[in-house]
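# Build me a structure from this.
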Amino acid sequence: MASSYAADVMWPRWAEQDRDSPKSNVTGPGQSEHHQDYDAQSQEAELGKASLRGSPIWCYVAWVWLTTAETILDTQKPWANHFEQSEYSLENLACSIMDLIGAGTKTMSSTLRYALLLLIKYPHVTAKVQKEIDRVIGRHRSPCMQDRSHMPYTDAMIHEVQRFIDFVPTNLPHAVTCDIKFRNYLILKGTKVLTSLTSVLHDSKEFPNPEMFDPGHFLDENGNFQKSDYFLTFSAGKRACVEEGLTHMELFLFLTTILQNFKLKSLVQPKEIDTRPVLNGFASLPPTYQLCFIPS
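Sure thing, here's the model as predicted:
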């Protein structure tokens, strides 16, 4: 099902010109005509390269197809043979896109919704962030990533949002790479394990009053941002989520842009806002709520 969907959606536009032409033997991945006319395949690949040359590649899919076309030109392998032997298969491409949607878009949007909920729940935090925005950025330009190093309270607020919501409490399954003894338990190589990120993110020794939303958890006595080894919202080690840097960048730019241009107003009193997740299984998802964006 996924492969069929990928074949329909991801076949590049420039290939459509030849795919449906009765004069062409290049019809689509997996069809027998691919074994018959390498010249037509080369011509189509060059046409694709030309259509994308000189402008940013429009998406991840186009990049994969362009890479595939270049590989075929270099190896002179038919399309069908290439997809049987390459990691750039339709199945892998479909799975990769689902990963980008599930692990990228969905997690980011849920975290942003949770952040806005917490900002209307704690208006004094919002006021401090907006004050810092006015001091560092002002109203005459858009925020940029270079501003982040000059905005310790905003940076602390974003880290505290991620710590507080504990988005993936038990992390993803991992497997131990060798026999290891942990707290008098012998864990054999290959055993699947789930790590409790909650136990770290809500450790009261590192974060006093861990059940409270407080950006001060990431500020020192002078108001400077301080990192914490207990900030493991993206797991740890070699298998930590590669999205961490991108997420911090997106959250910073989204939230500072919103708070630079709008005041947030809840339709209910802040004390009546419930920040408990509506779903707390693999992921902690925020409850539904309403708010107003008032131009400032």
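# what sits against Ala175?
Gly190, Thr191, Lys192, Val193 (Cβ atoms under 8 Å, 6 or more residues apart in numbering). C-beta here means a position set from N, CA and C on the backbone, and glycine is covered the same way.
# Mind listing the residues bridging to the third one?
So that's Lys192. Following DSSP bridges, Lys192 is listed with bridge partners Ala175.
# picking up where we left off before, which among the contacts of Ala175 gets closest to Ser96?
Distance to Ser96, by Cβ to Cβ, is smallest for Lys192 among the contacts of Ala175, at 23.0 Å.
# Tell me which residues are up against the helix or strand containing Arg135.
Per DSSP states H and E: Arg135 is located in helix 123-136. Residues outside helix 123-136 that contact it (Cβ under 8 Å, 6+ apart): 118-120, 143, 147, 150-151, 153-154, 157, 213, 215, 255-256, 259-260, 264, 270.
# For Arg163, give me its contacts.
Counted by Cβ under 8 Å, 6+ apart, Arg163 has contacts Leu201, Phe207, His217, Phe231, Thr233.
# Can you flag which of these belong to helices?
Those of these mapping onto helices are Leu201, per DSSP state H.
# what about the residue nearest to Glu244 when sequence neighbours are not counted, how many neighbours?
Nearest residue to Glu244, sequence neighbours excluded (Cβ to Cβ, 6 or more residues apart in numbering): Phe234, at 4.2 Å. Neighbourhood size, Phe234 [other Cβ atoms under 10 Å]: 18.
# Quick check: Phe234 touching Leu246?
No. With contacts counted by Cβ atoms under 8 Å, Phe234 stays clear of Leu246, the gap being 10.6 Å.
# And the next helix or strand past the longest helix along the chain?
Taking DSSP H as the criterion, the chain has its longest helix at helix 244-261. Moving toward the C-terminus from helix 244-261, the next helix or strand (DSSP H and E) is strand 262-266.
# Which strands border that following strand, and is each parallel or antiparallel?
When DSSP bridges is applied, strand 262-266 pairs with strand 291-295 (antiparallel).
# Pull out the buried positions in the strand it pairs with.
Residues of strand 291-295 classed as buried: Leu291 (neighbour count, 16 or more other Cβ atoms under 10 Å).
# do the same with stretch 188-208
Thr195, Leu197, Thr198, Val200, Leu201, His202, Phe207.
# And it, end to end?
This stretch, stretch 188-208, spans 36 Å end to end (Cα to Cα, to the nearest Å).
# begin at 38 from here
Sure thing, new numbering starts at 38, so read that last one as stretch 225-245.
# Could you give the average pLDDT over it?
Mean pLDDT, stretch 225-245: 91.
# likewise stretch 296-308?
On average, stretch 296-308 scores 96.
# residues in contact with it?
With Cβ under 8 Å, 6+ apart, stretch 296-308 has contacts from 153, 156-160, 163, 166-167, 170, 174, 176, 179-180, 295, 310, 326-333.
# Quick check on these: which are buried?
153, 156-159, 163, 166-167, 170, 174, 180, 295, 310, 326, 328.
# thinking again about what came up before, ok, of the contacts of helix 160-173, which come out buried?
Buried among these (16+ other Cβ under 10 Å): 155-157, 180, 184, 188, 190-191, 194, 250, 252, 292-293, 296-297, 301.
# wait, which of those residues is closest to Leu130?
Leu292 (32.7 Å).
# burial count for the closest residue to that closest one other than its chain neighbours?
Using Cβ to Cβ, 6+ apart and skipping the chain neighbours, the partner closest in space to Leu292 is Ala152 (6.1 Å). Ala152 has 21 neighbouring residues, counting by other Cβ under 10 Å.
# go on, Asp203?
Neighbour number of Asp203 under other Cβ under 10 Å is 20.
# and it, what does it touch?
Leu234, Thr235, Leu238, His239, Thr270, Ser321.
# Can you list phi and psi of it for me?
When read as degrees, to the nearest 10, the backbone of Asp203 gives phi 50, psi 60.
# Ala320 versus that one, what's the distance?
Computed as Cβ to Cβ, to the nearest Å, the Asp203 to Ala320 distance reads 10 Å.
# again with Ile217
28 Å.
# neighbour count winner among these two?
For Ile217 versus Ala320, neighbours defined as other Cβ under 10 Å are more numerous around Ala320 (16 against 13).
# What lies in contact with the regular element (helix or strand) spanning Ser146?
Per DSSP H and E: Ser146 is located in helix 144-158. Among residues not part of helix 144-158, those counted as contacts by Cβ under 8 Å, 6+ apart are 162-163, 166, 195, 198-199, 201-202, 204, 250, 280, 284, 287-288, 291-292, 295-296, 301-303, 307, 310, 312, 320, 322-324, 326, 328.
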